[in-house]
Structures are given as structure tokens and as C-alpha cells.
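Asks: Okay, predicted coordinates and the sequence, questions at the end:
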Amino acid sequence: MIKHILLLCSIVVTGLGEPGPLTLEQALELARNYSPELRAARMYVQSAEKDIASAGTWKNPKLALEAEGIGWDNDLFSEGEYTVGLSQEFQRGGKQGKERNTAFKAVDVAGYALAEKTVGLVDAVREAFIEVVYLQESGKVQAEQEELGRAFVEVAKRRHEVGVGSELEMVQAELELEKTLFAQTCCLGELIAAQEKLASLVGIPVKELPELIASYFDLEILGTQVLDDAHPTLRRMGAEAERVRAEAQWAKSKDTSNVILGGGYKYEEAGEVNTFVFSAKIPLSFNKRGRAEYAAGLLRTDAVLAEREEMRRSLQFELSEATALYKGAVAQAEMGRGKLIPKAMQAYELSRAGYEAGRFSWLELIAAQQHLADIRIGYIEALKEAHLARIKILKLKAEGI
């Protein structure tokens, strides 16, 4: 069974250059380049940037042609009048600047949304990576346990054949081996599922996913963690508030009427008179809709800012919680490595020596061996919990984007 696990972990990723194991940084780079979600977010940023080109531009001028008295008038004489004019609308109240400002704020929102999605992707890849590494390390312990279990079975059989050991000892040894193989079967299914998830994130077939390497057994000491205002989620919500405020100011400026100026050439056929004509128009603004939209926009701005403060509080709590969990997992892992594993190893060696000397039973030897394996796997699980908490801290600190 363990051969199948090792085979799954030994295939080389194509396109990574020289064949070899996959590091976390390589996995993150693959994920950033592949992610459809990030590609869509980048397109939203590009779309928002394109909108700037059309925001706040001058309105197109209007060309007008008027003709009066064409043909015969009431006096049966042709006295046609023709006017060709060009008019231009001039926006007042700073509408153009406010429209462009709104477009720039939309680019900020899209940019921070891209950073936010990048943080989420990096977090997902890190978690999937650690899950695979954890299962790899657990598989190594189970492989050693399987090898030792097979040796126990052979010893029990030989002892039974020469009449030194009992049939019960042989059956118990075989049972422990079967239990190890059963645990490996569960581990294999979990490993395949974890590899499938990681492969889907980095965009390569699971059959091309190699063995992963990471500093799994190295942990660092962390102090008190404080949430940074530069977190992408907070910056996106802040930018969203600024965009809503800019839209409100733009809406308020719409109450200011625009000026339409025109000029042209008029020809009176009856007197063959050519004159220059000039016009000016200012729409009357009786209904101040912009004021209502401005007030509504300010309320929405305050709502977004309030949500941002709530998000800050929630993220700070999550950061403090993850830091506490990390410290607890580190302490547990250090206890396992510094005290439990050495003691369990000592107990196993004493049991084996005592069994060979006839002082301990076969059950005591197997129990000591199983206890050692359980403690080693528990140590690996504690490391996993520490790494997952550390990943949560990195996400909340927005590191690695």
C-alpha cells in the first residue's frame, strides 16, 4: 500500500523545468498564473481603467440645419431662409472632473479587489500544500510501521514454528499489520483528495503532481500580531466608500444647469442677406434631484465605512485567535518532539530488550511500538495545526500576495 502512496508523490510536474519536487513558492507561482478568478479580476481592473478614457469628456457638438419658406409663400414669392449652425454644450458645476474622479475611484476598488482575491488564492494553495505534506509525512511513519509490522510477523512465525512462541502471538502480529495497512488505505484516499485539490488550484493534472517539499518541522516564535490597515479587504472597503462619495458629489453637480452655446450662418433668399446668428440656452433646474441623490450617497458612504470598521474588528479577532492557536500548537509540537517522542522511543527500546530477555510479553512489545507510532503521528498533526494557524495569520497579514 505504501508503494502506491510513494508512487503518487513521485511523479514530476511538466513545465517546471528540471524534474524534482515541488516547493510552495513554485505552487503559488503556478496558481497565480493559472487562476481563472485572478484573470477575471485583472480584466475588471483593465475595464475600469478603460472607463477613465470616456469619463468626463466633452459632449459632442451638434450640427443643425433649418430651412423656412421653401417653395412658394402666401404671396406666391419664394422667400426661403436657410440657417446652418453649430452648438456646443458646456457642463457646469465641475461635472467633468467629478465624473473622472468617480472613474479613478472605481479603478482603486477593482485593484484592491484583485489583491483581496490574490490573498484568498494564496491562502487556499498554502492550506492544500500543507495538507499534502502532512499526509506525506504521516505516510512515512506508516511505512516504517508497516515494515516493522512485517518484521514482527516473520519473527512471530519463526517463534511459533520452533515452539517458542504461541499461535496467539502470530495472530496478534498479523492483526497489527492489518491495522497498519487499513490506516494506510484511509491515508491514501485522503492523500488523493488533497492532491486533487492542490492540482486544481495550480492548474496541472494530478498525475503530474510531484512530491512536495517544505520546512514542515520548522516553526517560528511569534509575538503579538496587530492587524494592518493596508489589508486588501479594508482598503477595498475604504476605496468603495470613496467611490460612493465621489458618485454622490457627481450627482449633486447635476443640479447645476449646463450652458449650450451655438453659432451659425443664416441666408435670407428674398433679400439675399447673409447674417451670423448666435444662441445661448440654459435649461431651468426646478427639481433638485441631485441633492436627494447626494444625501443618499453620503448615507451609503457612512454605511460602507461602518461595515469597514466591523470588518476590522472581525479580522483583528481572527488574527488574535489564530495567533493563540498557533502558540498552543507550537507548544504541543515542542512537547511532542522534546519529551513524548524520546520517552516513547525509550519505552519501545526497553520493551524490545525486555521481550528478547523474556521479561515482557509480546503484547507489551506491540503496545509500546504502537504507542510510539501514535505519538509520532500526533506530533505531525500538531505541526499541521501550527502551520494552518500560521497560514491564517499570513492571510490576515496579507503576506505573499
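Replies: All right, it came through fine.
Asks: Go through the one helix or strand Tyr348 maps to and flag the buried ones.
Replies: Tyr348 is part of helix 341-356 when elements are defined by DSSP states H and E. Neighbour-count burial for helix 341-356, counted by 16 or more other C-beta atoms under 10 Å, picks out Ile341, Ala344, Ala347, Tyr348, Ser351, Tyr355. C-beta coordinates here come from the backbone N, C-alpha and C atoms, glycine included.
Asks: Which single one of those is nearest to His371?
Replies: Ala344 (5.7 Å; C-beta to C-beta).
Asks: In the chain, where's the longest helix?
Replies: The single longest helix within the chain, with elements called by DSSP state H, is helix 95-161.
Asks: So among the buried residues of helix 341-356, where is pLDDT lowest?
Replies: For the buried residues of helix 341-356, the model is least confident at Tyr355; its pLDDT is 78.
Asks: before we move on, could you check phi and psi at the nearest residue to that residue once chain neighbours are set aside?
Replies: Leaving out its chain neighbours, the residue that sits closest to Tyr355 by C-beta to C-beta, 6 or more residues apart in numbering is Leu365, at 4.4 Å. Note on Leu365: its backbone torsions stand at phi -70, psi -50 [degrees, to the nearest 10].
Asks: how about the strand or helix carrying Leu261: buried residues?
Replies: Assignment of secondary structure by DSSP H and E places Leu261 within strand 259-268. Applying a neighbour-count criterion of 16+ other C-beta under 10 Å, one finds Ile260, Gly262, Gly264, Lys266, Glu268 buried in strand 259-268.
Asks: what's the spacing between the closest residue to Lys327 other than its chain neighbours and Val330?
Replies: Spatial nearest neighbour of Lys327, chain neighbours left out: Leu222 (7.0 Å); criterion: C-beta to C-beta, 6+ apart. Summarising the geometry, the distance separating Leu222 from Val330, computed by C-beta to C-beta, to the nearest Å, is 8 Å.
Asks: what packs against the helix or strand where Leu188 lies?
Replies: Mapping Leu188 onto the secondary structure by DSSP H and E places it in helix 167-202. If you count contacts as 3 or more C-beta pairs under 8 Å, 6 or more residues apart in numbering; DSSP states H and E, helix 167-202 packs onto helix 2-8, helix 24-34, helix 95-161, helix 362-396.
Asks: show me what contacts the residue nearest in space to the middle of the chain?
Replies: Centrality entry for the chain: nearest residue to the mean C-alpha point is Gly120, 1.6 Å, by C-alpha atoms, centre = their mean. For Gly120, the set of contacting residues under the criterion of C-beta atoms under 8 Å, 6 or more residues apart in numbering consists of Lys395.
Asks: switch to 10 Å and redo it
Replies: Contact partners of Gly120, counting by C-beta atoms under 10 Å, 6 or more residues apart in numbering, are Ser35, Glu37, Leu38, Pro232, Thr233, Lys395, Ile401.
Asks: can you check Tyr134 too?
Replies: 190-191, 194, 214, 216, 377, 380-381, 383-385, 387-388.
Asks: Can you check the pLDDT for Gly290?
Replies: Model confidence at Gly290, given as pLDDT, is 86.
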